[in-house]
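# have a look; sequence and predicted model below, questions after that.
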Amino acid sequence: MQVMSELLGRHAQTGRVDWIGARPARRADVTAVHQVQVALSGLDGDRARAGKRAVTLIQAEHLPVIAGLLGRVAVTPDALRRNLVISGINLGALKGRDIAVGGAVLRLTVICAPCSRMEETFGHGGYNALRGHGGWCAEVVTPGLVTRGDVVRVVD
């Protein structure tokens, strides 16, 4: 019989950074970048939020789900206002774990709940379409450079 701690530590594959975005100020447009330096306070060029919400991540596999719940063909990452789009590894299974994202190490802390701005962006029902699919917040454990295409893996 498998021990629960062993099961929780296994992942079918590593993940990948598919997209990086930064918001220089509250309500400012999100700018997609190829790479970014991650400091203890979060991404350079992003509005500072040190602590457990320094970086926001969303699962790439949730984008089509959100689009479907909105009755749209697609949803772009910049509209969701998250910093990193990650594919290939279940972020929900990594809560409280340290993950290497390129040259940085992040610790997933809390669910990144949608804000009322999603109603402005997507219209009626935008807030509820993101509930349960809005991603995760993370604190920065080790600063470093993150580039689109970088591997995302659990740090042992």
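Good, I have the coordinates.
# which stretches in this protein count as helices?
All helices of the chain, identified by DSSP state H, fall at 4-8, 63-70, 77-80, 117-122, 126-130.
# for the ones you listed, which one sits closest to Gly88?
Closest to Gly88 of the helices of the chain, according to Cβ to Cβ: helix 63-70, at 13.4 Å. (C-beta placed from N, C-alpha, C; glycine too.)
# quick one: Cys112 from Leu145, how far?
23 Å (Cβ to Cβ, to the nearest Å).
# got it, and Leu80?
Relative to Leu145, and taking Cβ to Cβ, Leu80 is found at 23 Å.
# out of these two, which sits in the more crowded spot?
Neighbours were counted for Leu80 and for Leu145 using other Cβ atoms under 10 Å; Leu80 has more, 24 against 13.
# so, low pLDDT: which residues of the protein?
1, 48 (pLDDT under 70).
# what's the closest non-adjacent residue to the residue positioned nearest the centre of it?
The residue lying closest to the centre of the chain (Cα atoms, centre = their mean) is Leu57, at 0.7 Å. Using Cβ to Cβ, 6 or more residues apart in numbering and skipping residues adjacent in sequence, the residue nearest Leu57 is Leu84, 4.6 Å away.
# kindly tell me how buried that neighbour is, as a neighbour count.
When neighbours are counted by other Cβ under 10 Å, Leu84 registers 30.
# residues contacting it?
17, 19-21, 55-58, 101, 146 (Cβ atoms under 8 Å, 6 or more residues apart in numbering).
# now the buried members of these.
17, 19-21, 55-58, 101, 146 (16 or more other Cβ atoms under 10 Å).
# looking at those residues, which are in strands?
Taking DSSP state E, the ones among the buried ones among the contacts of Leu84 that sit in strands are 17, 19-21, 55-58, 101, 146.
# out of the residues you listed, who's nearest His133?
Ile58 (7.9 Å).
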